[in-house]
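> Show me the folded form of this:
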Amino acid sequence: MASRTMATPTTVRPFSPMEAQRILHSLQQPAVFLNMTCGWPARHWTAEHLSGCLGDKTVRFRLGRKDETKTPLFETQCPYVEAKLGQFLSWARSQSGADVGPFSDYPYSEYWAYADYKYIAMLFQDQPSMFEDVMWSEFGFKGRNGRESTLWIGTEGANTPCHLDSYGCNLVLQVQGRKRWHLFPPDDAANMYPTRIPYEESSVFSQVDVLRPDLQRFPAFRRARAHTVTLQPGQVLYVPRHWWHYVESVDPVTVSVNSWIELEVDDEARVGEAVTKAVVCALKTTPSNDNADDWLNPTEEGVASHTENMQYVNLAVRACLGRQRCHRRSKQTHDSREAHPVKRDSSGQARKSSGSAGESVPFILPFGPHLIPVHCERKDSPETREMTPKDLEIKSSRNCVVQSEPGCAVQPSADCAVSPDARTRECSPGPDQYRACLYGDGISEHTAEDGETEDSGLTPITTNDLLDCLVHPDIIARVTELLLERQRSSHRTTTAS
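Purely as a prediction, here's the structure:
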């Protein structure tokens with residue numbers, strides 16, 4: 001009888017760099033890659049390991065109260081400390097008598113801490129060999145490593161306010177502990193109540209506390225479609241462009257590595273950012289009684305002058321138009337090369353040559369045990385109606401062994417259905433309730449109900465209110481279109497003359 005050999009774990013990655021790149025270009029929703037980081041030295045980047053690497057170098061931590069009622073808690077509202085990573089670990093472990101440095105002013109039972117947006121290139125500038133520990137080249141990004149990545153270290157409860165990145169997508173490697181991600185599609189922008197205050201050049205924040213939403217203040221959030229996943233160590237989350245995300249740490253200590261990537265150059269988004277920056281800086285640097293808030297996010301380097309901002313607008317517009325002209329010329333050349341007689345069959349239909357280089361074959365995403373889509377929560381399904389976001393996790397393997405058993409295939413869940421609550425209509429007051437008209441003195445008449453004063457319910461419009469409207473993503477997109485069209489018209493006029 002032949003002896004039975006036991007199967008040994010393999011470290012072969014399920015997707016080649018070329019396959020991973022094709023998957024990323026095809027994905028339209030968040031997804032989790034499993035078993036793609038086998039052998040990455042960065043998998044050993046626990047907080048303990050990083051503490052040894054950094055030694056006495058200090059890191060800036062943002063703190064927030066665990067019972068914080070002012071939500072969402074933006075970076076401008078947080079206290080900060082500069083501390084060694086060893087001091088952070090002693091504090092997070094509540095080690096009696098240990099050196100916790102500046103954390104001694106913040107009881108661990110009351111506060112969480114987060115070292116976020118830490119650029120690895122700056123953190124380990126004296127240890128450049130560590131850049132090679134992060135191997136984004138395995139996802140098809142040749143030469144990309146830790147130099148283009150950021151490090152995030154936090155305690156349980158540490159969180160990032162819900163926001164979207166205005167251009168680019170994200171790849172996130174979870175190293176230590178778990179993080180729960182709450183993601184919302186780009187189409188939900190109107191339901192997320194976007195704001196640019198605090199200002200961060202490449203981010204748009206949501207005014208909603210997505211875990212405990214005030215639906216009286218933000219009623220449209222009922223229609224928001226949450227996609228929730230808890231990322232395990234070794235897994236990589238792909239967050240597509242313009243997907244909103246709120247991130248929270250769920251274990252005592254968490255470490256993750258994030259790389260922001262542009263799969264395609266988005267020139268129009270850069271024009272929009274330049275316009276936004278010019279408008280925000282112009283209004284927020286103008287002295288006024290209601291302009292005393294901390295509006296600039298601490299991750300931003302400073303306030304540029306209006307002249308500098310307008311130069312940035314002009315550079316962005318020129319780059320965008322230049323790339324569009326190159327694209328049109330390239331397309332015209334391609335179309336002319338394709339304009340050749342088409343072979344047809346006896347019925348007159350265009351004949352497809354099997355296996356030809358020009359034949360377009362639909363790409364089917366390989367969802368399964370190594371690539372798991374992050375689905376929308378079904379708020380109206382009986383099995384999830386009573387579940388909280390913390391109950392909705394990916395129950396996947398934490399190890400790095402390729403799963404080959406038939407039972408490992410992940411079955412895609414059903415499409416998200418609209419909950420009954422989401423079908424309610426927001427009704428505006430009818431003509432019988434309100435009537436406003438302008439008079440010569442600029443005062444509007446308000447037909448009030450019994451007991452109401454003439455200005456009941458009205459509050460003064462602040463600079464921030466004005467900004468929220470002026471730099472709303474929809475408005476900025478329209479302004480960008482108008483600017484580009486103006487420049488095209490000017491270019492055509494100049495060329496004709």
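
> quick check, Ile484 in a helix?
No, residue 484 isn't Ile; it's Leu. Yes. Applying DSSP: H, G, I helix; E, B strand; the rest coil, one finds Leu484 inside a helix.

> Do I have it right that it meets Gly272?
No. Applying C-beta atoms under 8 Å, one finds Leu484 not in contact with Gly272, separated by 10.6 Å. For every residue, glycine as well, the C-beta is placed using N, CA and C.

> In terms of neighbours, single out the busier of these two.
Gly272 (24 against 17; other C-beta atoms under 10 Å).

> Could I get the contacting residues of the more buried one?
If you count contacts by C-beta atoms under 8 Å, 6 or more residues apart in numbering, Gly272 has them with 166, 473, 476-477, 479-480.

> so where's this protein shaky on pLDDT?
1-11, 333-360, 378-457, 496-497 (pLDDT under 70).

> What residues sit buried inside the top helix by length along it?
Longest helix of the chain, by residue count under DSSP state H: helix 306-338. For helix 306-338, a neighbour-count test (16 or more other C-beta atoms under 10 Å) marks 309, 312-313, 316-317, 320-321 as buried.

> Serialize the residues you listed to a markdown table and add fields for distance to Glu156.
A markdown table is the format used below for those (distance: C-beta to C-beta, whole Å):
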| residue | distance to Glu156 |
| --- | --- |
| Asn309 | 40 |
| Tyr312 | 40 |
| Val313 | 43 |
| Ala316 | 41 |
| Val317 | 46 |
| Cys320 | 44 |
| Leu321 | 49 |
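
> just curious, which of those residues is nearest to Met130?
Of all these, Met130 sits closest to Tyr312, with 33.1 Å by C-beta to C-beta.

> does the residue most central in space within the chain have beta-bridge partners, and which?
The centre of the chain sits closest to Leu164, judged by C-alpha atoms, centre = their mean, with a distance of 4.2 Å. Note on Leu164: beta-bridge partners Val204, judged by DSSP bridges.

> I'd like the distance from it to Leu365, if you could.
Distance, Leu164 to Leu365, using C-beta to C-beta, to the nearest Å: 23 Å.

> rewinding a little: export the contacts of Gly272 to TSV and append columns for distance to Glu201, neighbour count and secondary structure.
Converted to TSV, the contacts of Gly272 look like this (distance: C-beta to C-beta, whole Å; neighbours: other C-beta atoms under 10 Å; DSSP: H, G, I helix; E, B strand; the rest coil):
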residue	distance to Glu201	neighbour count	secondary structure
Ser166	8	21	coil
Pro473	14	19	helix
Ile476	13	22	helix
Ala477	17	15	helix
Val479	17	17	helix
Thr480	15	23	helix
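
> Determine which two of those residues are furthest apart.
The widest separation within these (C-beta to C-beta) is 14.1 Å, between Ser166 and Val479.

> Give me the helices and strands touching the longest helix of the chain, please.
helix 267-284, helix 473-496 (3 or more C-beta pairs under 8 Å, 6 or more residues apart in numbering; DSSP states H and E).

> can you tell me which of the ones you listed comes nearest to Ala189?
Among those, helix 473-496 sits nearest to Ala189 (C-beta to C-beta), with 5.9 Å.

> just checking, what packs against that closest one?
helix 267-284, helix 306-338.

> Out of those, which gets nearest to Thr155?
Per C-beta to C-beta, nearest to Thr155 of the helices and strands packed on helix 473-496: helix 267-284, 32.1 Å.

> Compute the inter-axis angle for that closest one and helix 306-338.
Per axes from the mean of the first three to the mean of the last three C-alpha atoms, to 10 degrees, the angle that helix 267-284 makes with helix 306-338 is 170 degrees.

> roughly how far out does helix 267-284 sit from the chain middle?
19 Å (C-alpha atoms, centre = their mean, to the nearest Å).

> in that helix, what's buried?
267-281, 283-284.

> wait, is Asn464 part of a strand?
No. Judged by three-state DSSP, Asn464 forms no part of a strand; its state is helix.

> can you list the domain ranges for the chain.
The record assigns the chain these domain ranges, following automatic domain parsing: 17-265+368-408, 271-332+461-496.

> Can you say which of those is packed in most?
Counting by mean count of other C-beta atoms under 10 Å, domain 17-265+368-408 has the highest mean neighbour count of the domains of the chain, with a mean of 18.

> Check the contact between the residue nearest to the centre of the chain and Val239; I expect there is one.
No. With contacts counted by C-beta under 8 Å, Leu164 stays clear of Val239, the gap being 9.4 Å.

> Can you work out which residues contact both of the two?
Here Leu164 and Val239 have His245 as joint contacts, going by C-beta under 8 Å, 6+ apart.

> hang on, the earlier thing: closest one to Ser90 among the helices and strands packed on helix 306-338?
helix 267-284 (39.6 Å).

> Restricting to C-alpha, output the closest one in PDB.
Below are the C-alpha coordinates for helix 267-284, written out as PDB (Å, rounded to 0.1, in the frame of the first residue of the first chain):
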ATOM      1  CA  ASP A 267      -6.900  65.600 -13.700                       C
ATOM      2  CA  GLU A 268     -10.400  67.000 -13.200                       C
ATOM      3  CA  ALA A 269     -10.300  66.000  -9.500                       C
ATOM      4  CA  ARG A 270      -7.100  67.900  -9.200                       C
ATOM      5  CA  VAL A 271      -8.700  71.000 -10.700                       C
ATOM      6  CA  GLY A 272     -11.500  70.600  -8.300                       C
ATOM      7  CA  GLU A 273      -9.100  70.400  -5.400                       C
ATOM      8  CA  ALA A 274      -7.300  73.500  -6.600                       C
ATOM      9  CA  VAL A 275     -10.600  75.400  -6.800                       C
ATOM     10  CA  THR A 276     -11.600  74.200  -3.400                       C
ATOM     11  CA  LYS A 277      -8.300  75.200  -1.800                       C
ATOM     12  CA  ALA A 278      -8.500  78.700  -3.300                       C
ATOM     13  CA  VAL A 279     -12.100  79.200  -2.100                       C
ATOM     14  CA  VAL A 280     -11.600  77.800   1.400                       C
ATOM     15  CA  CYS A 281      -8.400  79.600   2.100                       C
ATOM     16  CA  ALA A 282      -9.800  82.900   0.800                       C
ATOM     17  CA  LEU A 283     -12.900  82.800   3.100                       C
ATOM     18  CA  LYS A 284     -11.300  81.200   6.200                       C
END
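
> returning to that earlier point: would you convert the helices and strands packed on helix 473-496 into TSV that also reports distance to Trp260?
Below are the helices and strands packed on helix 473-496 laid out as TSV (distance: least, C-beta to C-beta, whole Å):
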stretch	distance to Trp260
helix 267-284	13
helix 306-338	18
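
> Of all these, which one is nearest Glu19?
helix 306-338 (25.8 Å).

> Tell me the helix or strand right after that closest one.
The first helix or strand that comes after helix 306-338 along the chain, using DSSP states H and E, is strand 371-373.

> strand partners of that following strand, parallel vs antiparallel please.
Here strand 371-373 has these sheet partners by DSSP bridges: strand 31-33 (antiparallel).

> Glu110 touches Gly64, doesn't it?
No. At 10.0 Å, Glu110 does not count as touching Gly64 under the criterion of C-beta under 8 Å.

> gap between Leu171 and Tyr114?
In this structure, Leu171 and Tyr114 are 20 Å apart, going by C-beta to C-beta.

> still on that earlier bit, just put the domains of the chain in CSV and tack on distance to Val361.
Listed next are the domains of the chain as CSV, based on distance: least, C-beta to C-beta, whole Å:
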stretch, distance to Val361
domain 17-265+368-408, 11
domain 271-332+461-496, 22
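
> Contact partners for Tyr312?
Tyr312 sits next to 274, 277-278, 304 when contact means C-beta under 8 Å, 6+ apart.

> again, but for Val172
With C-beta under 8 Å, 6+ apart, Val172 has these contacts: 231, 236-237, 239, 256-259.

> how about 7 Å then?
By C-beta atoms under 7 Å, 6 or more residues apart in numbering, the residues touching Val172 are 231, 236-237, 239, 256, 258.
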